[in-house]
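J.: With the sequence up front, the predicted model follows.
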Amino acid sequence: MNGQLMKELEELGGEIRPASLKKCDEIIIDQPGFSAVIALWGGHLVSFTPSGQPDLLFQSENKGGEGRFGRRHFGVPVCWPWFGANEEQEDFPAHGLARYFRWEFIEAGRFKNGDVKIVIRLASEDHPLIEEMWPYAFELRQVFRFSSKGFRINFTAANLSDKPMPVSEALHTYFHVADNKTAQVHGLDQVTYVDKFDEGREYQQQGVVTPCNHMDRVYVSSPEECEIHDPDMQRRLIIQTEGSGSTVLWNPGGKLAKKRADMDKEDYCRFVCVEAGNALSDAYVIAPGEIHQLKLKVKHKPLMED
Ligand SMILES: O=P(O)(O)OC[C@H]1O[C@@H](O)[C@H](O)[C@@H](O)[C@@H]1O
């Protein structure tokens, strides 16, 4: 690991630790107002814990399988360059390639206002298997921004090939809730969703989404802001996005969770996935030489505070 980069990370109060997941490293940031963990395997935020509060992201005791395309992607895994199943190659893993490769740690520092900045990168040219599976050269970057108020992820995808590159994607955030039966998602009233648990039928959301149990819904052309209200934790999570047409809500429910090797039996009760992305009719194309940005901002507040 580059010595200058390690020095910059140490100056931030951060360190690199070996992690058990795929025997890859994690970046740990400990600050007076929060702590955060980023896994370099799969390149994603694993944990964000404001001081004195439960993690904003779901944690599981289940360590999952260690195979390359084995499941275990809690926190904010990146689904890219395809969301869901690959329509042309049945044997390709669901939700794309980005979450199955080692990302490179490239920058640690601070923003002008003191917020912590960490940057990681995944380039197709560094991974022969990616080049075999996806015929477009690309570079991905995630800029993480942390403060005691919450976290932000700026995800940028550059098409370095000379062909238009089709993309569907999501920042597949597993938000930690005390109980999925009482958690509520606000902000999607009247938005049309495709119900993947009901043969892709379309519905219109009426009011608040609750309970958040056994659902697999793609809200298309959705608003840029929604909120999770957690009455048991007395916490509100405000989720703001840019460059995201779709909001995906997912929770496997008890029956499906039982069949999964990456989840313990009751895990599904303690998360709601609210995913910022572009799926189904919101999928798009990045022109040769162009970039696309997907931004996610998450703030936490007490339930009753404005
Ligand atoms: O198990 P995975 O591949 O991480 O995906 C979990 C779920 O992710 C959701 O985003 C999808 O809409 C679901 O269909 C899918 O089952």
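T.: Here it is on my side, so go on. For clarity, every value in this text was computed on a predicted model and none was experimentally measured.
J.: check which helix or strand covers Ala153.
T.: Let me fix one detail, which is that residue 153 is Ile and not Ala. Here Ile153 sits within strand 150-159, counting by DSSP states H and E.
J.: So what are the sheet partners of the helix or strand following that strand and their directions?
T.: Beyond strand 150-159 on the C-terminal side, the first helix or strand identified by DSSP H and E is strand 165-167. Strand 165-167 pairs in its sheet with strand 284-286 (antiparallel), by DSSP bridges.
J.: Could you point out the helix or strand that follows the strand it pairs with?
T.: The C-terminal neighbour of strand 284-286 among helices and strands, as given by DSSP H and E, is strand 291-302.
J.: got the CA coordinates for stretch 126-142 in CSV?
T.: Extracted in CSV, the C-alpha atoms of stretch 126-142 (Å, rounded to 0.1, in the frame of the first residue of the first chain):
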residue,chain,number,x,y,z
ASP,A,126,-7.2,-4.0,-13.8
HIS,A,127,-9.4,-7.1,-13.9
PRO,A,128,-9.1,-9.6,-16.8
LEU,A,129,-12.3,-11.4,-15.6
ILE,A,130,-14.3,-8.1,-15.9
GLU,A,131,-12.9,-7.6,-19.4
GLU,A,132,-14.0,-11.1,-20.3
MET,A,133,-17.5,-10.6,-18.9
TRP,A,134,-18.3,-7.1,-20.0
PRO,A,135,-17.3,-5.7,-23.4
TYR,A,136,-16.9,-2.1,-22.5
ALA,A,137,-13.9,-0.4,-20.8
PHE,A,138,-14.9,1.6,-17.8
GLU,A,139,-13.7,3.3,-14.6
LEU,A,140,-15.8,3.7,-11.5
ARG,A,141,-15.1,5.9,-8.6
GLN,A,142,-16.8,6.4,-5.3
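J.: And that stretch, what's buried?
T.: Within stretch 126-142, the residues that count as buried by 16 or more other CB atoms under 10 Å are 127, 130, 133-134, 136-142. For every residue, glycine as well, the C-beta is placed using N, CA and C.
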